[in-house]
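Engineer: Predicted structure and sequence below. I'll ask about it afterward.
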Amino acid sequence: MKTQFPDDGLVLHTDAYQLTMMQTYFQEGIHERQAVFELYFRDLPFKNGYAIFAGLEHVLEFVEDLHFSKSDIEYMRSEPMFADDFVDYLEQWHFKATIRAPHEGEVVFNNEPILQVEGSIFDAQIIETPLLNIINYQTLIATKASRIRSVVGNQPLLEFGTRRAQEMDAALWGTRAAFIGGFDATSNVRAGKLFGIPISGTHAHSLVQIYRNDYEAFKAYAETHRDCVFLVDTYDTLASGVPSAIRVAKEMGDKINFLGVRIDSGDMAYLSKGVRKLLDEAGFEDAKIYASNDLDEETITSLKLQGAKIDVWGVGTKLITAFDQPALGAVYKVVSVEDENGQMVDTIKISGSAVKISTPGKKQVWRITRNTDSKSQGDYVALWDENPQKEEQLYMFHPQYTYLNKTITDFTARPILETMVVDGKVVYDLPDVQAVQAYSAQRLEHLWSEYRRGLNPQEYPVDLSKEAWDNKMKLINDVRDYVSNLKKDDDQKHGQF
Ligand SMILES: Nc1ncnc2c1ncn2[C@@H]1O[C@H](COP(=O)(O)OP(=O)(O)OP(=O)(O)O)[C@@H](O)[C@H]1O
Ligand SMILES: O=P(O)(O)OC[C@H]1O[C@H](OP(=O)(O)OP(=O)(O)O)[C@H](O)[C@@H]1O
Ligand SMILES: O=C(O)c1cccnc1
């Protein structure tokens, strides 16, 4: 960067249109009216049956003490796009809205709010871009990680993605999201320092290339480290790599922990079987076989089906870049806004495509669990003032195919959105990332396996309450009337000429 600003903050990490809209609201005098915005995604990523909510810690870090610094203000003043009186307002502005969200690691679904912001139009709008930036990425990676974990079973799973991530922030927060989704450790040392994620690693081909010999390289490593995993595929895995690893392990004896070997190329089903045989014959039955090389849930499933003798999985590129679906597509929509009389009015965005029509009104998501088996029956998206906990029975129906419905009795309704920030102050005690990971795994247990399977899962019900549904239909009809009246006016005007 050409210029460094010692007081640089993140408030300008936003799209210019957020600020141009702010200027309109400010100069029109409506910027302090209240509004409610909700963040949601329309389709689950990777054709998965659920998503893992991640990004909350970064969001809370971002909004805490959010304001325009001196250099931000100077920059805004230098931009002809912004008026002086507006920039004067920004100078004394501090974020003061309320944010509700699920606990990080929560299992979440499409077409339900996974974050809600309530505050002045100004405060709620200005954070749209960074909220989407953070939640879209981290939720995507945590979900991808969860898919990989689900095929790996209980075997160790290492995150190796930093070198392939979309730059440094993505590597760091992506690593954390991967851990939430079920990874055991990371190669990113800074993620270890900042988040307390266990760090782990082997060595690269360069070590062998620098010594120009497998044996010399492994020996040197073993002389300087206690825990040893040797990368055996630089020249020839079965003819040179593994025999050299065995020779060093035998020579060093108790001076090292010979944890195993890593394979990073070739046919890993075939090679791992050959490696296992050599290790076992040499008496190293406990030594593990690590594998890496563009792995993801598909290749791992295939390798397992082929009987590959792999014990530890290292996954980088395809995880950290969400290779098969690089964007989640979450959106942030205003659902309710204060009118000129101080009344909150619900608002809708219409689209030709039914799934793109927003659901008006401030809402809560209730996870409905049958008391007999503690499995989730579906999510019930209701208007804020409704309380399904008070109901004896709950009528749940598909918001588009309303003939798909059921009535639930003997259930528990648990609110998913919890208050995390009040008046701009974080009121939530952030758990450490280990607790977030454990919480996520525990929440997944409440999901029937039909929704959890990676291939063609059943669609989990995300239903609207009757009130929320009626409210939506009313607003759709109001908009229809409004548009048809405009058309009538237009026809009349044209008729006059
Ligand atoms: N037995 C296997 N079944 C399915 N996929 C495999 C198997 N062995 C390796 N793979 C996967 O195949 C992909 C490509 O491996 P391939 O052997 O073609 O290239 P490579 O080993 O990376 O080659 P290079 O020697 O250039 O590194 C990788 O994603 C790897 O994980
Ligand atoms: O394959 P990933 O899932 O991304 O895992 C990380 C990769 O990074 C390292 O390779 P390196 O960067 O040296 O290059 P390589 O892919 O040519 O081995 C390592 O040996 C893995 O192959
Ligand atoms: O430690 C490893 O084996 C490692 C780390 C980063 C990328 N690939 C492998």
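Structural biologist: Yep, it's here. Numbers count the residues shown, from 1 in each chain. Ligands and ions are numbered 1, 2, ... in the order given.

Engineer: what's T402 in contact with, if anything?
Structural biologist: W469 (Cβ atoms under 8 Å, 6 or more residues apart in numbering). All C-beta spots, glycine's among them, are computed from the backbone N, C-alpha and C.

Engineer: Okay, and the residue positioned nearest the centre of the chain sits in which element?
Structural biologist: Closest to where the C-alpha atoms of the chain average out (Cα atoms, centre = their mean) is T139, at 0.9 Å. Assessed by DSSP states H and E, T139 sits inside helix 128-152.

Engineer: Next secondary structure after that helix?
Structural biologist: strand 157-159.

Engineer: What strands flank that following strand, and is each parallel or antiparallel?
Structural biologist: Strand 157-159 sits in its sheet next to strand 185-186 (parallel), strand 312-315 (parallel), going by DSSP bridges.

Engineer: quick one: contacts of it?
Structural biologist: Contacts of strand 157-159 (Cβ under 8 Å, 6+ apart): 145, 148-149, 175, 178-179, 182-188, 200-201, 290, 312-316, 319-320.

Engineer: Narrow these to just the buried residues.
Structural biologist: Among the contacts of strand 157-159, the ones that count as buried by 16 or more other Cβ atoms under 10 Å are 145, 148-149, 175, 178-179, 182-188, 200-201, 290, 312-316, 319-320.

Engineer: Can you tell me the SS state at L39?
Structural biologist: Using DSSP: H, G, I helix; E, B strand; the rest coil, the structure places L39 in strand.

Engineer: what bridges to it?
Structural biologist: In beta-bridge terms (that is, DSSP bridges), L39 pairs with L115, Y332.

Engineer: Quick check: it vs ligand 3, distance?
Structural biologist: 33 Å (Cβ to the nearest ligand atom, to the nearest Å).

Engineer: got a list of what that residue touches?
Structural biologist: Listed by Cβ under 8 Å, 6+ apart, the contact partners of L39 are P113, I114, L115, Q116, V117, L131, L132, I135, A330, V331, Y332.

Engineer: cutoff 10 Å now
Structural biologist: 59, 99, 101, 113-117, 128, 131-132, 135-136, 330-333 (Cβ atoms under 10 Å, 6 or more residues apart in numbering).

Engineer: near ligand 2, from those?
Structural biologist: Among these, proximity to ligand 2 is found for none (Cβ under 6 Å from any ligand atom).

Engineer: out of those, which are buried?
Structural biologist: 59, 99, 101, 113-117, 128, 131-132, 135-136, 330-333.

Engineer: Give the other helices and strands that whichever strand or helix holds C228 contacts.
Structural biologist: Taking DSSP H and E as the criterion, the element that holds C228 is strand 227-231. If you count contacts as 3 or more Cβ pairs under 10 Å, 6 or more residues apart in numbering; DSSP states H and E, strand 227-231 packs onto helix 205-211, helix 214-224, helix 242-252, strand 257-263, strand 288-291.

Engineer: Return the distance of M81 relative to Y221.
Structural biologist: For M81, the distance to Y221 equals 57 Å [Cβ to Cβ, to the nearest Å].

Engineer: Can you tell me which residues in the stretch 51-200 of the chain are near ligand 2?
Structural biologist: F160, R163, R164.

Engineer: Counting neighbours, which of those residues end up buried?
Structural biologist: Neighbour-count burial within these applies to F160, R164; the criterion is 16+ other Cβ under 10 Å.

Engineer: on that earlier part again, out of the helices and strands packed on strand 227-231, which comes closest to ligand 1?
Structural biologist: strand 288-291 (7.6 Å; Cβ to the nearest ligand atom).

Engineer: After the closest one, which helix or strand is next? Please name it.
Structural biologist: From strand 288-291, the next helix or strand downstream (DSSP H and E) is helix 297-305.

Engineer: Name the residues that touch that next one?
Structural biologist: Counting by Cβ under 10 Å, 6+ apart, 46, 48, 144-153, 155, 157, 267-269, 272, 291, 293, 295, 308-310, 313, 315, 318-319, 324, 454-455 sit against helix 297-305.

Engineer: quick one: is that helix near ligand 2?
Structural biologist: No - Helix 297-305 does not reach ligand 2 (Cβ under 6 Å from any ligand atom); its nearest approach is 9.4 Å.

Engineer: what's the angle between that helix and helix 128-152?
Structural biologist: 10 degrees (axes from the mean of the first three to the mean of the last three Cα atoms, to 10 degrees).

Engineer: And the average pLDDT for helix 297-305 is what?
Structural biologist: In this model, helix 297-305 has a mean pLDDT of 98.

Engineer: Stretch 203-218 now?
Structural biologist: pLDDT averaged over stretch 203-218 gives 98.

Engineer: what does it rub up against?
Structural biologist: Looking at what lies outside stretch 203-218 - Cβ under 10 Å, 6+ apart - the contacts are 219-221, 225, 228-237, 239-249, 251-252, 256, 258, 261-262, 264-265.

Engineer: Which of those are buried? Put it as a PyMOL command.
Structural biologist: Buried residues within those, by 16+ other Cβ under 10 Å, are selected in PyMOL with:
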select buried, resi 219+221+228+229+230+231+232+233+234+237+240+241+242+243+244+245+246+248+249+252+256+258+261+262+264
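
Engineer: In this structure F397 contacts V381, no?
Structural biologist: No - at 11.6 Å, F397 and V381 do not qualify as touching, with contact defined as Cβ atoms under 10 Å.
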